[in-house]
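1. Fold the following and give me the result.
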Amino acid sequence: MLNHITIMGRLTADPELRYTQSNIPVASFTVACEMDYQQGGSREADFISCVSWRQGAEFVSKYFSKGSMIVVEGRLQSRKWQDRDGNNRVSWEILTEHTYFGEARRSDSQQYQAPQGNYGSQQYQAPAQQQGAWAPAGNPVNVGAQEFVELDDSDGELPF
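-> Got it, this is the predicted structure:
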């Protein structure tokens, strides 16, 4: 069986980072996912609870805050519990496997610098920011601080 879910939305509040008794980090947060359609002139949203563990929990609590756009991949799980009156309840939440930035984040006029490190089962390294990049063939084209090269593709064949 396959249990995989991907959502994108904005955090409704700052992630809540806690630690278990054995000092394992766990973060809880809620993502508001807007519906594609409008009902009565306004868009509705689903509010989806998410839980991240270990490095994923520390990553989410460090780099995301209320209003941040986030992309979450994981699996849907149910949790059964009893309320104060003894009624049986079921909660649904996403147990995250991967979290991604849903938008570029900039502070003042600085460009956002992506974090580097090992988060969950993925190794992440920010792309290198190079000045004066070059390529052996073609005409350089300046775009901002980076240089791109237009490739001469006169024969239409791949170079490998």
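2. any idea how far Arg43 is from Cys33?
-> 11 Å (CB to CB, to the nearest Å). (C-beta placed from N, C-alpha, C; glycine too.)
3. Endpoints of stretch 49-69, how far apart?
-> 15 Å (CA to CA, to the nearest Å).
4. And that stretch, what's buried?
-> By neighbour count with 16 or more other CB atoms under 10 Å, stretch 49-69 contains the buried residues 50-53, 56-61, 63-64, 68-69.
5. ok so, going back, more neighbours: which of Cys33 and Arg43?
-> Cys33 (15 against 11; other CB atoms under 10 Å).
6. And that one, how close does it get to Phe47?
-> Using CB to CB, Cys33 is found at 8 Å from Phe47.
7. Spell out which residues are contacts of both of the two.
-> Common neighbours of Cys33 and Phe47, counting by CB atoms under 8 Å, 6 or more residues apart in numbering, are absent.
8. now the helices: where do they sit in this protein?
-> Ranges of helices in the chain, per DSSP state H, are 54-63.
9. where along it do the strands fall?
-> 5-11, 16-19, 25-39, 42-53, 69-82, 88-101, 117-119, 122-124, 139-143, 146-150 (DSSP state E).
10. I'd like to know which elements the longest one is packed against.
-> Strand 25-39 is packed against strand 5-11, strand 16-19, strand 42-53, helix 54-63, with contacts defined by 3 or more CB pairs under 8 Å, 6 or more residues apart in numbering; DSSP states H and E.
11. Using PDB, write down the CA coordinates of it.
-> Coordinates of each C-alpha in strand 25-39 appear next as PDB, following Å, rounded to 0.1, in the frame of the first residue of the first chain:
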ATOM      1  CA  PRO A  25      13.200  17.000  19.200                       C
ATOM      2  CA  VAL A  26       9.600  17.000  17.800                       C
ATOM      3  CA  ALA A  27       7.900  20.000  16.200                       C
ATOM      4  CA  SER A  28       4.200  20.500  15.700                       C
ATOM      5  CA  PHE A  29       2.700  23.000  13.300                       C
ATOM      6  CA  THR A  30      -0.400  23.700  11.200                       C
ATOM      7  CA  VAL A  31      -0.400  24.400   7.500                       C
ATOM      8  CA  ALA A  32      -3.300  26.400   6.000                       C
ATOM      9  CA  CYS A  33      -3.900  25.100   2.400                       C
ATOM     10  CA  GLU A  34      -6.100  27.300   0.300                       C
ATOM     11  CA  MET A  35      -8.700  25.600  -1.900                       C
ATOM     12  CA  ASP A  36      -8.600  26.200  -5.600                       C
ATOM     13  CA  TYR A  37     -12.200  27.300  -5.800                       C
ATOM     14  CA  GLN A  38     -14.200  30.200  -4.100                       C
ATOM     15  CA  GLN A  39     -17.400  29.800  -2.300                       C
END
